[in-house]
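Asks: Pasted the sequence and its predicted model underneath.
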Amino acid sequence: MQEPIAPLRQFTSPAEFVSAVAAVLERVRTKAPRVHCITNSVAENFTANVLLALGAVPSMTLSPVEIGAFVARADALLVNLGTFGRERREATSIAVDTANQGGLPWILDPVFVDRAPPRATYAQDLLFLRPTAMRLNAAEFATLAGAGDQLADLRAYARERDIAIGLSGARDLIADGRRAVTLANGDAMMARITAMGCAASAMVGACLAVEKDAFVATAAALTIVGVAGEMAAETARGPGSFAVAILDALYSIDSDTLAARARVTVTE
Amino acid sequence: MQEPIAPLRQFTSPAEFVSAVAAVLERVRTKAPRVHCITNSVAENFTANVLLALGAVPSMTLSPVEIGAFVARADALLVNLGTFGRERREATSIAVDTANQGGLPWILDPVFVDRAPPRATYAQDLLFLRPTAMRLNAAEFATLAGAGDQLADLRAYARERDIAIGLSGARDLIADGRRAVTLANGDAMMARITAMGCAASAMVGACLAVEKDAFVATAAALTIVGVAGEMAAETARGPGSFAVAILDALYSIDSDTLAARARVTVTE
Amino acid sequence: MQEPIAPLRQFTSPAEFVSAVAAVLERVRTKAPRVHCITNSVAENFTANVLLALGAVPSMTLSPVEIGAFVARADALLVNLGTFGRERREATSIAVDTANQGGLPWILDPVFVDRAPPRATYAQDLLFLRPTAMRLNAAEFATLAGAGDQLADLRAYARERDIAIGLSGARDLIADGRRAVTLANGDAMMARITAMGCAASAMVGACLAVEKDAFVATAAALTIVGVAGEMAAETARGPGSFAVAILDALYSIDSDTLAARARVTVTE
């Protein structure tokens, strides 16, 4: 059983929302939550470094004989589809069961479900296990939901599934069916380094670990990474230096930076 | 069945050759080809970032249940031996069959065949499946061909196998049996970061995706990476900053830079 | 059978110790030893780059059919627990047997044994196979030894097991039961990038390859990485630039830097 979502918090202004984001960031840094990551091998290193830069503590084992013990000691779980062989599916099954039994929040990143039917089927199976949140892009959302990336579609899907969804794109949309925000931060260079989306999903995990309101946690992670991306783009000379700079930005970003830079639209 | 190689283009001057290289680079950036990469886990992250910096789109799954779907939607395939367990061999077999049936170009990187006999045997098996191109170093070529790294040996081998070969070293040699070029670009620091050769092979894949002449595609990739390596070496303070700088260089390199810096000898 | 440890060298001053460290570094650069690394996929890329920056040559295959051939041609072996599925255990078993039969030094990094009981059990099994050295942190040592991180406990454990141990922390302790040093170098940022400890263990492997005295080799690796960490911290603006700068520092560090910066206490 998932823990019930905390009492609904409504936001009436961007400033109020950004203040909630800053509080989540502060709690990640103070509590240093453990995030167990099931992710693809391309993304593992960058994902771990993003979590460490933010202040969280990653672990990454995929071994069925020990993943239950790791998840039981963790504060949140990331399930990124990545490559899925038999052993990985077995590990994912154990990890999700452990999370659900312990009331641990978990986030699904259905990466590349638009590229191969078996991957989409597997993502649908995982959605039945009720992840706390999901982060994905428009092509992936269209594959899973049979719908576009309009905010109305996203809200309807989130309401039906009782899940917080973060849709990454030129603008990020976050909805949980009852609330929604649109974020206009980020930089085109974020699409020119591998695993940026996977790492953003892991950041959602870190935020879920310290914030029971999954909508706030998901939006907080995407706001932080979007602002950090803009900070990184100011000094980067290309994707190599951008990947370095965004880790530095995630380490140094603070409330003042968020307040000054976040471009949020709170939807009624 | 491979598609037949396009009508033979002869180069009579370095300038003409470099112009062809620049055209390939431009097409990679415009078409953003998908390159599916079977590679070792050490190399995956850097390889993906190199392809993204260049303008191509990587995918990396090794799962037998979905690799066929990924390759069928890709524009080129990289087969880097990496670690080869049973599952990986099965995935490679499906991927190569899918590529060959769809007329998709594929490149073999027989990394470390000089270190373990089973790896050399496996590379020979893959060569029978007729890769479009192969990139390797002198020790690996000697193991496969029982010959040295002289241009004559390389040309003979390429002619016999009907394959484009790029031999990386202090000077790069590229041949397809009927044509050959020698490249004098690159920097010693390229040997001090892991996966540089693997990533160069992936770049050959990206070039093959937009250039039917495998000799031109192979030579284009090695010219671009060699020039980018020289650009990176100008600002790097060691291998860490070099790895960052070469990604930035691959992102920013253009026709003028290629024309000014490429040091090519076209062989009769 | 392990080769017997070389005649015991006693150090009477920090300067004498640092001079021995510098000699080990010089031999790594001159001999370019091959270090075969069994490590987790998160750590592979950074570990390979750390070894290359230092001057060693990494290989990383985990395939049971070829790992024996790789280890037989290597100069040292790293066994980092990482994820341990069946195939990896089989590979580890072959690798350790090959190392022990050939008198090759090997180092155990029992990463995260404090997080999951199966991992601790496996580490204990590997300790019976008599690694030359072990590097770990205080929580991991407490799990394996049922003891704290005090130097006395470490010395007792090292004496009983006839092994060189490096305990990483705010201060590093190195002991082989008969000798001990304490190192005060390093920087807090080293805990904010993934795989730093894993890479330090790989560096112990590179030093063991060129220095028969396992205590000296272990202490040399940890001194070099600690000083490099301090050098990196001077220019880094966060963990992203720190990871880049420490690779540059490992490439450029020399005897003079070690002599000027190493903060060593030699214990009677």
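Replies: Happy to help now that I have it. Residues are numbered from 1 along each chain as shown, chains lettered A, B, ... in the order given.

Asks: Quick one, grab the pLDDT at A:L144.
Replies: In this model, A:L144 is scored at 93, pLDDT.

Asks: who's in contact with the residue most central in space within chain A?
Replies: The residue lying closest to the centre of chain A (C-alpha atoms, centre = their mean) is A:S201, at 2.6 Å. When contacts are counted by C-beta atoms under 8 Å, 6 or more residues apart in numbering or on different chains, A:S201 touches A:78, A:80, A:107, A:109, A:135. Using the backbone N, CA and C atoms, a C-beta is placed for each residue, glycine as well.

Asks: Then A:E90?
Replies: A:P64.

Asks: tell me how far the helix or strand it falls within is from the chain's mean position?
Replies: Using DSSP states H and E, A:E90 maps to helix A:86-102. Distance of helix A:86-102 from the chain centroid (C-alpha atoms, centre = their mean, to the nearest Å) equals 18 Å.

Asks: Same check on stretch A:208-228?
Replies: 7 Å.

Asks: show me where the stretch 151-268 of chain A has strands.
Replies: Here the stretch 151-268 of chain A has its strands, by DSSP state E, counting those that start in this stretch, at A:164-168, A:172-175, A:180-183, A:264-267.

Asks: Show me what the last one packs onto, helices and strands only.
Replies: Counting contacts by 3 or more C-beta pairs under 8 Å, 6 or more residues apart in numbering or on different chains; DSSP states H and E, strand A:264-267 is packed against helix A:14-31, strand A:180-183.

Asks: who's in contact with the first one?
Replies: This means helix A:14-31. Residues contacting helix A:14-31 (C-beta under 8 Å, 6+ apart): A:9, A:11, A:54-56, A:75, A:181, A:206-207, A:209-211, A:216-217, A:219-220, A:223-224, A:253-255, A:258-259, A:262-266.

Asks: Looking at the residues you listed, which are in helices?
Replies: Mapping those onto helices (DSSP state H) picks out A:54, A:206-207, A:216-217, A:219-220, A:223-224, A:255, A:258-259.

Asks: Just the buried residues of those.
Replies: A:54, A:206-207, A:216-217, A:219-220, A:223-224, A:258 (16 or more other C-beta atoms under 10 Å in any protein chain shown).

Asks: Let's have those in a markdown table, adding pLDDT and distance to A:P117.
Replies: Output for these, formatted as a markdown table (pLDDT from 0 to 100; distance: C-beta to C-beta, whole Å):
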| residue | pLDDT | distance to A:P117 |
| --- | --- | --- |
| A:L54 | 98 | 34 |
| A:A206 | 98 | 32 |
| A:C207 | 98 | 32 |
| A:V216 | 97 | 34 |
| A:A217 | 98 | 31 |
| A:A219 | 97 | 31 |
| A:A220 | 98 | 34 |
| A:T223 | 98 | 34 |
| A:I224 | 98 | 34 |
| A:L258 | 98 | 40 |
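
Asks: What is the nearest of the residues you listed to C:I174?
Replies: C:I174 lies nearest to A:L54 out of those, by C-beta to C-beta, at 32.3 Å.

Asks: Verify the contact between that closest one and A:A200 for me.
Replies: No - using C-beta atoms under 8 Å, A:L54 is not in contact with A:A200; the gap is 10.7 Å.

Asks: Ranked by average pLDDT, which of the strands of the stretch 151-268 of chain A falls at the bottom?
Replies: Across those, strand A:264-267 gives the lowest mean pLDDT, at a mean of 92.

Asks: Can you list the buried residues in it?
Replies: Neighbour-count burial for strand A:264-267 [16+ other C-beta under 10 Å]: A:264, A:266.

Asks: How about stretch A:222-229?
Replies: By neighbour count with 16+ other C-beta under 10 Å, stretch A:222-229 contains the buried residues A:222-229.

Asks: Leaving out the residues flanking it, which one is nearest to the residue of chain A most remote from its centre?
Replies: Distance from the C-alpha centroid of chain A, by C-alpha atoms, centre = their mean, peaks at A:R237 (26.8 Å). Among residues not flanking A:R237 along the chain, B:D248 sits closest, at 4.8 Å (C-beta to C-beta, 6 or more residues apart in numbering or on different chains).

Asks: which regions of the stretch 151-268 of chain A lie under the pLDDT threshold?
Replies: A:268 (pLDDT under 70).

Asks: near chain C, which residues of it?
Replies: Neighbours of chain C within the stretch 151-268 of chain A, by C-beta under 8 Å from any C-beta of the partner chain: A:243-252.

Asks: Would you check how far apart the residue lying closest to A:E44 once chain neighbours are set aside and A:V266 are?
Replies: Closest residue to A:E44 apart from its sequence neighbours, by C-beta to C-beta, 6+ apart: C:V42 at 4.4 Å. Relative to A:V266, C:V42 is positioned 37 Å away (C-beta to C-beta, to the nearest Å).

Asks: and the residue nearest to A:E44, what does it touch?
Replies: A:44-45, A:48, A:58, A:60, C:82, C:194-195.

Asks: ok, back up a step: list the neighbouring strands of the next helix or strand after the helix holding A:E90 plus their orientation.
Replies: Following helix A:86-102 in sequence order, the next helix or strand is strand A:106-109 (DSSP H and E). According to DSSP bridges, strand A:106-109 forms sheet pairs with strand A:76-80 (parallel), strand A:133-137 (parallel).

Asks: Show me what the helix or strand following strand A:106-109 is packed up against.
Replies: Of the helices and strands lying after strand A:106-109 in sequence (DSSP H and E), the nearest is helix A:117-127. Contacts defined by 3+ C-beta pairs under 8 Å, 6+ apart place helix A:117-127 against helix A:86-102, strand A:106-109, helix A:138-145.

Asks: Now do the buried residues in helix A:117-127.
Replies: A:119-120, A:122-123, A:126.

Asks: And A:M196, how far from B:L247?
Replies: 14 Å.

Asks: quick one on the thing from earlier: and of the buried residues of helix A:117-127, the nearest to A:R89?
Replies: A:Y122 (7.6 Å).

Asks: I'd assumed A:N80 was in contact with that closest one.
Replies: No - between A:Y122 and A:N80 there is no contact under C-beta under 8 Å: 11.9 Å.

Asks: Now the helix holding A:E90 - C-alpha only, CSV.
Replies: Only the C-alpha atoms of helix A:86-102 are listed here, as CSV (Å, rounded to 0.1, in the frame of the first residue of the first chain):
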residue,chain,number,x,y,z
ARG,A,86,15.2,-11.4,-17.1
GLU,A,87,17.4,-10.7,-14.1
ARG,A,88,16.6,-7.0,-14.2
ARG,A,89,12.9,-7.7,-14.3
GLU,A,90,13.2,-10.0,-11.4
ALA,A,91,15.1,-7.3,-9.5
THR,A,92,12.5,-4.7,-10.4
SER,A,93,9.7,-6.9,-9.2
ILE,A,94,11.4,-7.4,-5.8
ALA,A,95,12.2,-3.7,-5.5
VAL,A,96,8.7,-2.5,-6.3
ASP,A,97,7.2,-5.0,-3.9
THR,A,98,9.6,-3.9,-1.2
ALA,A,99,8.8,-0.3,-1.8
ASN,A,100,5.0,-0.8,-1.8
GLN,A,101,5.1,-2.9,1.3
GLY,A,102,7.2,-0.3,3.2
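
Asks: tilt between it and strand A:76-80?
Replies: Interaxial angle, helix A:86-102 versus strand A:76-80 (axes from the mean of the first three to the mean of the last three C-alpha atoms, to 10 degrees): 150 degrees.

Asks: tell me, how many neighbours does A:E26 end up with?
Replies: Neighbour count for A:E26, taken as other C-beta atoms under 10 Å in any protein chain shown: 14.

Asks: and if you look at the one 3 residues further on?
Replies: A:R29 is surrounded by 14 other residues when neighbours are defined as other C-beta under 10 Å.

Asks: Touching stretch A:259-268 from outside, list them.
Replies: A:11-15, A:17-19, A:21-22, A:151, A:179-185, A:223, A:226-227, A:230-231.
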